[in-house]
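**Q** 3D, please:
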Amino acid sequence: MDFRWGRSRGEEGIAVVINFLLANARLVLGVGGAAVLGIATLAVKRLIERAGRAADDEKVEQKMSESWEELSLVSASPKSIRKGLEGVVMKHVAKATKPQKADLCQPQQQKSSLDEKPVKASESQRPKNLQLSLTLQDRLHQYYSIRAAITPEVVHRAESLALDICIEVQGFLHTTNPDMPLGEMSLGGSLLDDLQVVRADHACLLVPLQLEPSLWRLIPGEETLLTHPLHWMVRRVNLEYFPRGRSYWDRFLVGGYLSCRALVNMLSKAVMETMNWPSLSYTLDCLVRPVLGGDELKLEIRYLTYTHTSTF
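**A** Residues are numbered from 1 along each chain as shown. Predicted coordinates for the structure are as follows:
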């Protein structure tokens, strides 16, 4: 009874060790060691069986030497593969011959240590990526400072010129159309917001209209036929109490709404086609001329070596 029980434990241990060797040999050898793996598995199996029967056999040394001769068949493989295989075999055969089998959790720990290496490598690459991003940021800042940014002197000169033209146009409108309810004209656009790059060549002149709150109402773009949030409209209200003609802007009504196209046509005739631009050019020491045509009112200003365009 004792002998059979010992043999069953030995066979179970052999199966466990062979399975372990198969898994680890594939890990060490890879695809190229498939042929060597079969020879090594057979040699290890015989070696462990003879080691388990060492107490019952008389010629222990002879059979152990035969087992090592079978294991020497692996020497025909390349040195790197043979070295890895012999290391795995020698390490675990010695543990298999003991009464208590070795703990098989150690390879899992080795595998976990192998899995931790890519994580550490990725962590080591983070400072390099951060350094590269900082370098790119520095280059972009350098490009903006050298080629894109506009000096404060150029911006101030363009703003001053646009403001002078704005004052002249506003004075001309008040002189020729004194009954037109307009607010104070001002500058706007990217030049005033310090958003222009390369050249300060665009400015906007804002002409505010003074509307009666009881006669006009702003309609959000979502409530109009266009349903566009940026396209607001101005609607004439209370026509039953205040008929057309009570407001100066009633002459620009189209379908109950204030027509921007009618306003542009009026300003084009009152300013672009009427104002004495050569006289203004002589006063400001620059060439100012209107750009006719289109939906916008544009003035082209040539001052020294660059062209400046004002839109209102």
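**Q** buried residues in stretch 242-261?
**A** By neighbour count with 16 or more other CB atoms under 10 Å, stretch 242-261 contains the buried residues S247, Y248, W249, D250, F252, L253, L258, S259. C-beta here means a position set from N, CA and C on the backbone, and glycine is covered the same way.
**Q** Test my guess that the fifth one contacts L267.
**A** No - with the criterion set as CB atoms under 8 Å, F252 and L267 do not qualify as a contacting pair; they are 10.7 Å apart.
**Q** circling back to that earlier point, and which of the buried residues of stretch 242-261 is nearest E296?
**A** S259 (15.6 Å; CB to CB).
**Q** show me what contacts the closest one?
**A** F252, L253 (CB atoms under 8 Å, 6 or more residues apart in numbering).
**Q** Could you dump the buried residues of stretch 242-261 into JSON lines with distance to L218 and secondary structure added?
**A** Listed next are these as JSON lines, based on distance: CB to CB, whole Å; DSSP: H, G, I helix; E, B strand; the rest coil:
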{"residue": "S247", "distance to L218": "15", "secondary structure": "coil"}
{"residue": "Y248", "distance to L218": "18", "secondary structure": "helix"}
{"residue": "W249", "distance to L218": "13", "secondary structure": "helix"}
{"residue": "D250", "distance to L218": "17", "secondary structure": "helix"}
{"residue": "F252", "distance to L218": "16", "secondary structure": "helix"}
{"residue": "L253", "distance to L218": "15", "secondary structure": "strand"}
{"residue": "L258", "distance to L218": "10", "secondary structure": "strand"}
{"residue": "S259", "distance to L218": "15", "secondary structure": "coil"}
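**Q** Please convert the residues you listed to JSON lines, extending it with distance to C204.
**A** Below are those laid out as JSON lines (distance: CB to CB, whole Å):
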{"residue": "S247", "distance to C204": "26"}
{"residue": "Y248", "distance to C204": "24"}
{"residue": "W249", "distance to C204": "22"}
{"residue": "D250", "distance to C204": "27"}
{"residue": "F252", "distance to C204": "21"}
{"residue": "L253", "distance to C204": "26"}
{"residue": "L258", "distance to C204": "20"}
{"residue": "S259", "distance to C204": "21"}
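**Q** neighbours of I146, just the number please.
**A** Neighbours of I146 under the rule other CB atoms under 10 Å: 8.
**Q** Can you pull the phi/psi pair for it?
**A** Main-chain torsions, I146, degrees, to the nearest 10: phi -90, psi -40.
**Q** What pLDDT is listed against it?
**A** On pLDDT, I146 comes in at 82.
**Q** Same question for T176.
**A** 92.
**Q** Show me this protein divided up by domain.
**A** The domain map for the chain lists 2-104, 152-311, with the assignment taken from automatic domain parsing.
**Q** Quickly, which of these bottoms out on average pLDDT?
**A** Mean pLDDT per stretch puts domain 2-104 lowest among those, at a mean of 55.
**Q** how close does L263 get to L299?
**A** Counting by CB to CB, to the nearest Å, the gap from L263 to L299 is 17 Å.
**Q** These two - which one has more neighbours?
**A** A direct count of neighbours by other CB under 10 Å for L263 and L299 places L299 higher, at 23 against 14.
**Q** if I've got this straight, the more buried one is in a strand?
**A** Yes - under DSSP: H, G, I helix; E, B strand; the rest coil, L299 sits within a strand.
**Q** didn't R235 look like it was pressed against I219?
**A** Yes - at 5.3 Å, R235 counts as touching I219 under the criterion of CB under 8 Å.
**Q** So what's the residue count around the closest residue in space to S186 that isn't next to it in sequence?
**A** In space, and not counting its chain neighbours, S186 is closest to L206: 5.0 Å by CB to CB, 6 or more residues apart in numbering. Counted with other CB under 10 Å, residues neighbouring L206 total 15.
**Q** Could you do Q196 as well?
**A** By other CB under 10 Å, the residues close to Q196 number 20.
**Q** Check L280 too.
**A** As a burial measure, L280 scores 20 neighbours (other CB under 10 Å).
**Q** Contact partners for it?
**A** Here L280 is in contact with I165, E168, V288 (CB under 8 Å, 6+ apart).
**Q** Kindly reformat these as CSV containing distance to M275 and secondary structure.
**A** Formatted as CSV, these follow (distance: CB to CB, whole Å; three-state DSSP):
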residue, distance to M275, secondary structure
I165, 11, helix
E168, 8, helix
V288, 9, strand
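**Q** Closest to E240 out of those?
**A** Ranked by distance to E240 (CB to CB), the contacts of L280 are led by E168 at 42.3 Å.
**Q** What sits closest to the closest one if chain neighbours are left out?
**A** For E168, ignoring the flanking residues on the chain, the nearest one in space by CB to CB, 6+ apart is L280 at 5.7 Å.
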